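>>> What follows is a predicted protein model with its sequence.
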Amino acid sequence: MSRINIVIGQRAFEKVRDRIYEILVDELANQVALSYDEDLDATVFKERSTPFAAVEMPCVNIALSRGGFDNAPILKKDGTYQFNIDVWTRSKTNMIEAGDTISMLKLQKLIGVIDYILSSWQYNTLGFEKPFISRVFVDEIAIADPKRNEDAESIMMGRLNFTVRVPENVDTLEGNLIEGYRTQVKLGLTEKGYLYSGDNIPVPPPTNPP
């Protein structure tokens, strides 16, 4: 028979993943509106595992990579989660530059903007109320080997490793109050004393009334 009789909601790492997604969707769209730079007009996904088609690029995918735990007293533990933020760009060779160069420059520009957004003081708690988020930081940027497809477009891919430290709490259930209580209290070693009774237990008539 089950003993957990509450609906288990989102864990902290799920809330963080969704918040990263929301931030990047909003801030990248805002950068496009401010700069009119189509290179930043990227579609943002979360937890996508199927390959991206060239027509979907530039694009960004957010995925939970791993989580480690420490400081784990009863009903609480601190989680350090690493999210992979993968970025893809594509370009064709033109009369001035090769496609791989153009695509790489686009990739580095987009990665740089995402790094700026996630490293900005405005998002040092990812918009959550303190102390839900302990720390956030981009700890690594990596560029994958170039990939070339059949129509001679150069596809580039890069990754930001984004680390978030957040507590994972297990909610406790409130205990039921005792329906009532009744206890005898004596004064020292004498036979005289008092009778205490809870609200749900009627007070008995006194014994040996004067």
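Perfect, thanks for sending it.
>>> Tell me which strands the one helix or strand residue 64 maps to pairs with, and in which orientation.
Using DSSP states H and E, residue 64 sits within strand 59-70. Partners of strand 59-70 in the sheet, by DSSP bridges, are strand 43-46 (parallel), strand 76-91 (antiparallel).
>>> Quick check: mean pLDDT of the shortest one?
Right, the one you point to is strand 43-46. Averaging pLDDT along strand 43-46 yields 96.
>>> what do you get for stretch 67-79?
On average, stretch 67-79 scores 65.
>>> coming back round to it: please identify the buried residues of the strand holding residue 64?
Of the residues in strand 59-70, 59, 60, 61, 62, 64, 67 count as buried by neighbour count, 16 or more other CB atoms under 10 Å. Just so you know, the C-beta spots here come from the backbone N, C-alpha and C atoms, and that holds for glycine as well.
>>> contacting residues for residue 18?
10, 46 (CB atoms under 8 Å, 6 or more residues apart in numbering).
>>> Where does residue 103 sit, in terms of helix or strand?
Per DSSP H and E, residue 103 falls inside helix 99-119.
>>> The helix or strand just after that helix: partners in the sheet, and parallel or antiparallel?
Scanning forward in sequence from helix 99-119 by DSSP H and E, the next helix or strand is strand 135-143. Using DSSP bridges, strand 135-143 pairs in its sheet with strand 154-169 (antiparallel).
>>> Would you mind getting the angle between the partner strand and helix 99-119?
For strand 154-169 against helix 99-119, the angle by axes from the mean of the first three to the mean of the last three CA atoms, to 10 degrees is 20 degrees.
>>> from here on, count from 53
Got it, first residue is 53 now, which makes that one strand 206-221.
>>> Send over the helix or strand that contains residue 84 as CSV, restricted to the C-alpha atoms.
Take DSSP H and E as the rule and residue 84 turns out to sit in helix 64-87. Below are the C-alpha coordinates for helix 64-87, written out as CSV (Å, rounded to 0.1, in the frame of the first residue of the first chain):
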residue,chain,number,x,y,z
ALA,A,64,13.8,21.8,-8.6
PHE,A,65,15.9,20.7,-11.6
GLU,A,66,12.7,20.6,-13.7
LYS,A,67,11.8,24.1,-12.7
VAL,A,68,15.3,25.4,-13.4
ARG,A,69,15.3,23.7,-16.9
ASP,A,70,11.9,25.4,-17.7
ARG,A,71,13.1,28.7,-16.4
ILE,A,72,16.3,28.6,-18.6
TYR,A,73,14.1,27.9,-21.6
GLU,A,74,11.8,30.8,-20.8
ILE,A,75,14.7,33.2,-20.3
LEU,A,76,16.4,32.4,-23.5
VAL,A,77,13.2,32.5,-25.6
ASP,A,78,12.4,36.0,-24.2
GLU,A,79,15.9,37.5,-24.2
LEU,A,80,16.9,36.3,-27.6
ALA,A,81,13.7,37.6,-29.2
ASN,A,82,14.4,40.9,-27.4
GLN,A,83,18.0,41.1,-28.8
VAL,A,84,16.6,40.5,-32.3
ALA,A,85,14.2,43.3,-31.8
LEU,A,86,16.9,45.7,-30.5
SER,A,87,19.6,44.9,-33.0
